[in-house]
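**Q** next comes the sequence, and after it the predicted model I'd like to discuss.
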Amino acid sequence: MQIGFLGGAREVGRMGISVKSKKTQLLLDYGVMLGRQPGFPMHVPPKDVDALILTHSHLDHSGAIPMYYIEGKRPLYTNKLNLELTQLLIQDFIHLSGYYLPFEYLELRTMMRSNKHLDFGVSQKVGDMHFQLLNAGHTPGSASVLVETKNKRLLFTGDFNTEDTQLLKGASMDGLKDLDGVIIESTYASEDHSPRPELEKKFVDACTEVVERGGIVLIPAFGVGRAQEIACTLFGNKFEYDVIFDGMAREASRVIMNDKEFLRDPKLFTDAMHSVEWVEGWRDRRSALKKPGVVISPAGMLKGGPSQFYISKVGKKANNAVFLVSYQIPGTPGRQLLEKGICTIDGKVRKIKAKVQHFDFSSHCGATQLRDALKQLGGKPKVFAVHGAEGNCELLAKWAHSELGLEAVSPRTGETFEV
């Protein structure tokens, strides 16, 4: 089995992996790097690809897949929920792009029609390979991929989380024995997350404090996954004040509502969604800022979406707060806000007077979970650490080699390996 790293190596973004046997080539994810201009993975000619497999909807894993539907119709394997959430995100990506993209809505529609729905744990054959999707615990519907040929077994974790959250059941490493290779994300290889109950209490207490003194809390959150997690956290911890829900988070929640079997506690999710006030237009948006409460709105890194409007208002007053609940990629407005207390809004750099705080509601494994996951895997797999910035891929590979005695590398984009 030959593995080619097309993107996402020693970086977070534009994930793309080629897996080849003698007769078959699969692409695992094909995402974009979101910067001033989108970055794409290395290209594989569509005629050489037998099928694409998508682990989850986030654009760094899905955003370039429509390129494979400019001509022809390669089968795309994922589950229905992933597919519908991906459609939402890519539609938005096309709509908001102020630069040339090599595909349009037509290619997205062709991609949707080319989907072969695949439930967790169901084996699928393409050429001389079999593969199955396993729960990854990262976003609703997210999956890890187990690929098998006649005599080789490879696991691609995708983005994964082994801890239960309010929204999702954590990924399980049970039963993954006799692996020859594992491609593992390493986003948080250098740090652990706070214990979830402790983090939730601290977060809900901080929101309560701001609202009770008459302020507004803006929570920029990814529309798929994080926004719903925050709404469930506030509801599950009996937060008693107004919670406003805006942007793509609304449409994503409607989609998730139709596939609740992917959720840890469908009743909690339904109750949380019925407890929030849904913004349906600019009038609602402006009135949301006239009273104390919490506003949950994409984009999670303040790069577009209604959160840009909200921060331009909420950020002006010291009794308000901006609570960041997602990883902030270097160079994004959210990272700028976190490090310097300033934010670029409509091209202007503004000082933010509101209180700024980061709460680590990650849907990725922390360092201890990543290490535990590797310890639980059977066999002596070759380890490929990907999807990490600032030295994290190298760090996890080094640990796997020194502590577990496994052959481990942090590949570079363009490199190929055999297992």
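**A** Looks like it arrived, so ask away. Residues are numbered from 1 along each chain as shown.
**Q** hey, let's count contacts and neighbours off CA atoms from now on
**A** Will do.
**Q** please enumerate the strands of the stretch 301-419 of the chain.
**A** Taking DSSP state E, counting those that start in this stretch to define them, one finds strands in the stretch 301-419 of the chain at 321-324, 342-345, 348-351, 355-358, 382-386, 408-409, 416-418.
**Q** a markdown table for these, including distance to Val19 and mean neighbour count?
**A** Listed next are these as a markdown table, based on distance: least, C-alpha to C-alpha, whole Å; neighbours: other C-alpha atoms under 10 Å:
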| stretch | distance to Val19 | mean neighbour count |
| --- | --- | --- |
| strand 321-324 | 36 | 25 |
| strand 342-345 | 41 | 19 |
| strand 348-351 | 44 | 12 |
| strand 355-358 | 38 | 16 |
| strand 382-386 | 13 | 26 |
| strand 408-409 | 17 | 22 |
| strand 416-418 | 10 | 14 |
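**Q** okay if I get the ones you listed as CSV plus mean pLDDT and distance to Pro46?
**A** Below are the strands of the stretch 301-419 of the chain laid out as CSV (pLDDT from 0 to 100; distance: least, C-alpha to C-alpha, whole Å):
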stretch, mean pLDDT, distance to Pro46
strand 321-324, 98, 39
strand 342-345, 85, 39
strand 348-351, 89, 42
strand 355-358, 97, 42
strand 382-386, 98, 24
strand 408-409, 98, 28
strand 416-418, 97, 19
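**Q** and the spatially most central residue of the chain, what is it in contact with?
**A** Closest to where the C-alpha atoms of the chain average out (C-alpha atoms, centre = their mean) is His58, at 4.7 Å. Under the criterion of C-alpha atoms under 8 Å, 6 or more residues apart in numbering, the neighbours of His58 are Thr86, Leu89, Val224.
**Q** now do the same contact list for the second one.
**A** Read that as Leu89. Per C-alpha under 8 Å, 6+ apart, neighbours of Leu89: Ser57, His58, Leu59, Gly63.
**Q** re the thing from before, redo the strands of the stretch 301-419 of the chain as a markdown table? Include distance to Met257.
**A** Shown next, in a markdown table, are the strands of the stretch 301-419 of the chain (distance: least, C-alpha to C-alpha, whole Å):
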| stretch | distance to Met257 |
| --- | --- |
| strand 321-324 | 25 |
| strand 342-345 | 33 |
| strand 348-351 | 38 |
| strand 355-358 | 28 |
| strand 382-386 | 32 |
| strand 408-409 | 40 |
| strand 416-418 | 41 |
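**Q** Arg74 is nearest to which of those?
**A** Arg74 lies closest, by C-alpha to C-alpha, to one member of those: strand 416-418, at 22.9 Å.
**Q** what's that closest one packed up against?
**A** Contacts defined by 3 or more C-alpha pairs under 8 Å, 6 or more residues apart in numbering; DSSP states H and E place strand 416-418 against strand 2-7.
**Q** how far does the strand it packs on sit from its chain's centre?
**A** Distance of strand 2-7 from its chain centroid, counting by C-alpha atoms, centre = their mean, to the nearest Å, is 20 Å.
**Q** list the buried residues in whichever helix or strand comes after it.
**A** Next in sequence after strand 2-7, counting helices and strands by DSSP states H and E, comes strand 16-20. Buried positions in strand 16-20, judged by neighbour count with 16 or more other C-alpha atoms under 10 Å: Gly16, Ile17, Ser18, Val19, Lys20.
**Q** likewise for stretch 257-266?
**A** Buried, per 16+ other C-alpha under 10 Å, within stretch 257-266: Met257, Lys260, Phe262, Leu263, Arg264, Asp265, Pro266.
**Q** chain neighbours aside, what residue packs nearest to the second one?
**A** Of all residues beyond its chain neighbours, the one nearest Lys260 is Pro266 (5.6 Å), with distances taken as C-alpha to C-alpha, 6 or more residues apart in numbering.
**Q** for the one you found, what are phi and psi?
**A** phi -60, psi -30 (degrees, to the nearest 10).
**Q** and it, how far is that from Ile329?
**A** 31 Å (C-alpha to C-alpha, to the nearest Å).
**Q** please apply the same query to Ala9.
**A** Counting by C-alpha to C-alpha, the gap from Ala9 to Ile329 is 15 Å.
**Q** so those two - more neighbours on which side?
**A** Ala9 (26 against 16; other C-alpha atoms under 10 Å).
**Q** ok, that one - contacts?
**A** Met15, Ala385, Val386, His387, Gly388, Cys393, Ser410, Pro411, Arg412, Thr413.
**Q** closest one of the residues you listed to Ser312?
**A** Nearest to Ser312 among these, with distances taken as C-alpha to C-alpha, is Gly388, at 31.3 Å.
**Q** and the residue nearest to the closest one when sequence neighbours are not counted, how many neighbours?
**A** Excluding its sequence neighbours, the residue lying closest to Gly388 (C-alpha to C-alpha, 6+ apart) is Thr187, at 4.3 Å. The criterion is other C-alpha under 10 Å. On that basis, Thr187 has 27 neighbouring residues.
**Q** ok, now which ones touch Thr187?
**A** If you count contacts by C-alpha under 8 Å, 6+ apart, Thr187 has them with Val12, His364, His387, Gly388, Ala389, Asn392, Cys393.
**Q** scan those and report the most crowded one.
**A** Of the contacts of Thr187, with other C-alpha under 10 Å as the count, Cys393 tops at 28 neighbours.
**Q** distance check, that one against Glu11.
**A** Computed as C-alpha to C-alpha, the Cys393 to Glu11 distance reads 8 Å.
**Q** host element of Ser287?
**A** Going by DSSP H and E, Ser287 is part of helix 282-288.
**Q** what comes up buried for that helix?
**A** For helix 282-288, by 16+ other C-alpha under 10 Å, it's Arg285, Ala288.
**Q** which of the residues in stretch 62-81 are buried?
**A** Neighbour count says stretch 62-81 has 62-70, 73-81 buried, by 16+ other C-alpha under 10 Å.
**Q** so which of those sit within helices?
**A** Residues of the buried residues of stretch 62-81 located in helices (DSSP state H): Ser62, Lys80, Leu81.
**Q** which among these gets closest to Asp180?
**A** Among those, and counting by C-alpha to C-alpha, the member closest to Asp180 is Ser62, at 26.1 Å.
**Q** my guess is that closest one meets Tyr30, correct?
**A** Yes: the pair formed by Ser62 and Tyr30 meets the contact definition of C-alpha atoms under 8 Å, at 5.4 Å.
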